[in-house]
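> Build me a model:
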Amino acid sequence: MLSAKDLKEQSSSLNILYVEDEEILREGMQATLGKLFQNLYIAKNGQEAFELYKKEHIDIVLTDINMPIMNGIELIQSIETYGQYNSAIVVLSAHNESRLLTTLIDLGVDGFLNKPVDKQKLINVLHKVSLHINEKHQLAMYEKQMQIDLESYIRKNKILEQKINQLAASTNTQIKAKTLKKPKKKEEFESYYTTLLNDDIDELRDLSEELDNFIAMMFQGEVLNESYLNRLSEVYKKYAAVLSGYTEFTEIGMALRNFSISILLLGSKFLENIEQTGIYFESLQLTLENFRTNVWDKEAKDPRFYNASLLNDIQLVIDFLEEKEIQENEIEFF
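All right, here's what the predicted structure looks like:
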């Protein structure tokens, strides 16, 4: 048998609108519902209820049928016509109103309760509709996250394609620029491998996750502001501080520190077209994460191998924020 506690587990985050014209019944039900739902809204008739419905986000409407000014049937019809929220409707019906059952079913009512209301039946019905609403919310959140992930994968795939094309276009130039010197052996970077601190490795991993979250916000339609810029800039500054402690990465550390300052100085351009800005930052993040994974986690043969690519991507984002024209050898984003 379901209890009020079971119901509250499902209903505590939901809003309910209770519509009843009889004051005694209204006061008794108000005391019960107020303990079970996040917000309880009370109306004395259908018209008053509909005005509340249009102002507030209502998950469940618990309504009487026979009321003055606007009855329950008219209220449900108005809600269906309004159509802004897909709220659950539970009807409180007297025995002499059973003739309206077909009409209510046709209107898509989610539950029925006879008056006077049996408390256990009230719990059962409200638990059922609350559970259904929460399942729909979870499904909607899952679908939204799936869409966000899909869009992110598509963007990253296009960015990677651009980077591959950029790499291919510059391959001949790089080959010509190489000297006949033998490549450095891993042993020549022994000091680098022995001086990497586990705390620094863990901190870069944490900072990378923070950057992923900040960049994801650029594609979620949120209104970003100066506070967001300050926090994002601070993450890059912390990343730079870690890298600057190692000779092999001093140049990147300095570049990231200057980049963190540029984010604040060029904040107006940053926020002007946040989704386009996000594409540039996502490209930089891919390169930065590739650097972190291969150099810090996997001990790359040459820890300086990714320096040039990182410096190029940092400058590319700055050029975008400064509204400079993209050079032929740089990535031209879609």
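> ok, now which ones touch the nearest residue to Asn39 once chain neighbours are set aside?
Spatial nearest neighbour of Asn39, excluding adjacent residues (CB to CB, 6 or more residues apart in numbering): Asn15 at 4.3 Å. For the C-beta atoms, the positions are set from N, CA and C on the backbone; glycine is no exception. Residues near Asn15 by CB atoms under 8 Å, 6 or more residues apart in numbering: Phe37, Gln38, Asn39, Leu40, Tyr41, Glu56, His57, Ile58, Asp59, Ile60.
> same deal with Glu48?
Contacts of Glu48 (CB under 8 Å, 6+ apart): Val19, Ile69.
> From Leu104, how far out is it?
Distance, Glu48 to Leu104, by CB to CB, to the nearest Å: 21 Å.
> got it, and Leu92?
Distance from Leu92 to Leu104, by CB to CB: 11 Å.
> the more surrounded of the two?
Taking neighbours as other CB atoms under 10 Å, Leu92 and Leu104 compare with Leu92 leading, 24 against 19.
> That one should be in a helix, yeah?
No - if the criterion is DSSP: H, G, I helix; E, B strand; the rest coil, then Leu92 is strand and not within a helix.
> my guess is it contacts Gly111, does it?
No - using CB atoms under 8 Å, Leu92 is not in contact with Gly111, being 9.9 Å away.
> any idea whether the residue nearest the centre of the chain is helix, strand or coil?
Nearest residue to the geometric centre of the chain (CA atoms, centre = their mean): Gln220, 6.2 Å. Taking three-state DSSP as the rule, one finds Gln220 in the coil state.
> so which helix or strand takes in the closest residue to it other than its chain neighbours?
Setting aside the residues directly before and after it, Gln220 is nearest to Ile148 in space (CB to CB, 6+ apart), at 6.8 Å. Using DSSP states H and E, Ile148 sits within helix 119-177.
> Dihedrals phi and psi, the spatially closest residue to His127 that is not a sequence neighbour?
Nearest in space to His127, with sequence neighbours left out and distances taken as CB to CB, 6+ apart, is Leu7 at 4.6 Å. Backbone torsions of Leu7, given as degrees, to the nearest 10, read phi -60, psi -40.
> Pull the number of nearby residues for Leu7.
22.
> is it true that it touches Leu126?
Yes - counting by CB under 8 Å, Leu7 touches Leu126, with 5.7 Å between them.
> roughly how far apart are the residue nearest to Asn39 and Ile89?
From Asn15 to Ile89 the distance is 14 Å (CB to CB).
> How about Val109?
Here Val109 is placed at a distance of 5 Å from Ile89 (CB to CB).
> For those two, indicate the residue with more neighbours.
More crowded of Val109 and Ile89, by other CB under 10 Å: Ile89, with 22 against 19.
> in the stretch 1-150 of the chain, which spans are strands?
Ranges of strands within the stretch 1-150 of the chain are 15-19, 39-43, 60-64, 88-93, 111-114, based on DSSP state E, counting those that start in this stretch.
> Would you mind finding the most buried of those?
Among these, ranked by average contacts under mean count of other CB atoms under 10 Å, first place goes to strand 60-64 (a mean of 26).
> For that one, list the C-alpha coordinates in PDB.
Only the C-alpha atoms of strand 60-64 are listed here, as PDB (Å, rounded to 0.1, in the frame of the first residue of the first chain):
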ATOM      1  CA  ILE A  60      -1.000  18.800 -11.900                       C
ATOM      2  CA  VAL A  61      -4.400  20.300 -11.900                       C
ATOM      3  CA  LEU A  62      -6.800  18.800  -9.200                       C
ATOM      4  CA  THR A  63     -10.200  20.300  -9.900                       C
ATOM      5  CA  ASP A  64     -13.800  20.000  -8.900                       C
END
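> neighbouring strands for it, and are they parallel or not?
strand 15-19 (parallel), strand 88-93 (parallel) (DSSP bridges).
> Show the average pLDDT along the shortest one.
Spelled out, it's strand 15-19. Strand 15-19 carries an average pLDDT of 96.
> related to what we said a few turns ago, any shared contact partners between Asn15 and Ile89?
Ile60.
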